[in-house]
Each structure stands twice: as structure tokens, then as C-alpha cells.
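Q: Build me a structure from this.
(one chain, ligands or ions: 2)
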Amino acid sequence: MGATCSVSRGVATPIDRVPHKIIMFGLENAGKTQLLYSWKIGSKLVKRTIPTEEFNVETVTSPDGVFYSVWDLSGKASSRLRRRQYFGGAEGLIYVIDSSAHEDIGEVKKDLGAIFGESELSGLPLLFIVTKQDIEGSMTVEKLCEELNLKQVVDRCWNICGVCSLEEDENTTLLKRLDGLIHTNTGERSEML
Ligand SMILES: Nc1nc2c(ncn2[C@@H]2O[C@H](COP(=O)(O)OP(=O)(O)OP(=O)(O)O)[C@@H](O)[C@H]2O)c(=O)[nH]1
Ligand SMILES: [Mg+2]
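A: Ligands and ions are numbered 1, 2, ... in the order given. Here you go, the predicted structure:
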């Protein structure tokens, strides 16, 4: 799966030393906190996560030396109502989808619709991360693209990637994808799959 906007540069520039603010969304149990701390301390050291009440925020560095301040917002419906206060200064978005949760797809659609309706987030590059690909019977990336009608997303640069986020290597690749999106944020639709 490739994306025309996924072009990462090999060397970080001085501007990259200022962390890019990224907001990470997704329903409860999607795997956001697992990803955040895998990026921060490495997958092997993340023993378990507990549901996030409000948010976690950490600075993480991509393999190419780009700094990100990643805001991992709680997926709880009640917390989602308050999330707008964290949007200021965001330069990119991540949306995490649990591919084993077939029953959540309707709620994911609604949540994505709400995010696309936020004027403060309009045009921001978006990386979809499809977690739990290791679980038998989980939805494929292709199936999710179809179910969520992602080809209709034409107002921003986006990319999608399926992973088992318990795996170190796969998580590192995600940060490279993020570099690509942030650095080539032309507002063009990405070609994918
Ligand atoms: N098998 C498997 N488990 C995963 C994967 N990613 C996350 N998990 C597990 O899913 C559970 C929920 O992960 P969290 O990261 O806490 O979920 P969250 O999105 O932060 O959820 P909230 O904080 O409630 O919004 C944890 O037990 C994770 O270890 C994956 O790719 N595969
Ligand atoms: Mg969490």
C-alpha cells in the first residue's frame, strides 16, 4: 500500500526540532495509548495500558529525527465531548481504528464525521492506523476503506496503515508515514492501496 503523499525526507531540518502537534483520535480500546508509549519507550516496555480518562501527551521522535508532540485523547464518549479544547495549534491528525471491533464501525463513522466537521481541523493531514491486525477475523485495511468510504476524503492529504501495534518494527514505520504526511501536506488527496 503506498501513498503519493508519503514521501519522507532523510534528514531532519532545524524547524523539525520544534515538535509538530499531532492529535490522536479513536474510540475506546482502539490502541491509541499502546501506540503512544510504544513510540515513547518501545513496545517491549509497554506492559499494559489502562483506559485513558482525558488525555496523555508525549514528545516522540521519528526514525528520521522529526519531533512530534502527540496528544492521545480518551475515546470515552463523555470525554470526546470535551476534546475541542485540545485542538489549538494541531498540525496533523491520527485516527486509530480497532480492526477486530466489527460492532464499532457505525460509531467510527459518526466520530469521523464529527472530526471532519471541525473547522479548526480542516485540511490537516490524517494518518489512519488500523490496529489489531494480528487478531483472527479482523477487518482488512481494504474493507475498512470501503466501509468508511475513505475515497470520499478529498479535502486533505491522508494515508492508512494496518498494524499489530504490539510489534516494534511496525510502529516505527508508522512514524515514517507521519513524516511523509506532515512534510508533503499539500492538501491533495493521496493515492493509496
Ligand atoms: N492484539 C492486539 N492488541 C492490541 C493492539 N493494539 C492495542 N492492543 C491492546 O488493546 C487494548 C487497548 O489499548 P489502549 O491503547 O489502552 O486503547 P486506547 O485507544 O488508548 O483506549 P482509551 O484510552 O479507552 O481511549 C490494550 O490491551 C492493548 O494492549 C494490537 O495491535 N493487537
Ligand atoms: Mg488510552
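Q: Tell me who's in contact with the residue most central in space within the chain.
A: What sits nearest the mean C-alpha location of the chain, by C-alpha atoms, centre = their mean, is Ile94, with 2.3 Å. Counting by C-beta atoms under 8 Å, 6 or more residues apart in numbering, Ile94 makes contact with 22-26, 32, 70, 126-129, 178. No exception for glycine: its C-beta is placed from N, CA and C like everyone else's.
Q: Let's verify it: helix, strand, or coil?
A: strand (DSSP: H, G, I helix; E, B strand; the rest coil).
Q: In the sheet, which residues pair with it? Tell me.
A: Met24, Leu127 (DSSP bridges).
Q: hang on, the earlier thing: including pLDDT and distance to Cys145, could the contacts of Ile94 go into CSV?
A: As requested, the contacts of Ile94 are exported to CSV (pLDDT from 0 to 100; distance: C-beta to C-beta, whole Å):
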residue, pLDDT, distance to Cys145
Ile22, 98, 22
Ile23, 98, 22
Met24, 98, 20
Phe25, 98, 17
Gly26, 98, 16
Lys32, 98, 20
Val70, 98, 24
Leu126, 97, 13
Leu127, 97, 14
Phe128, 97, 9
Ile129, 97, 13
Leu178, 95, 19
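Q: Show me the helices in the chain, by range?
A: 32-41, 77-80, 105-116, 141-147, 168-183 (DSSP state H).
Q: Which one of those lies nearest to ligand 2?
A: Ligand 2 sits nearest to helix 32-41 of all the helices of the chain, at 3.2 Å, using C-beta to the ion.
Q: neighbouring contacts of the closest one?
A: 24-26, 45-46, 49-50, 52, 56, 58, 60, 70, 72-73, 75, 94, 96, 129, 131, 165-166, 168, 171, 174-175.
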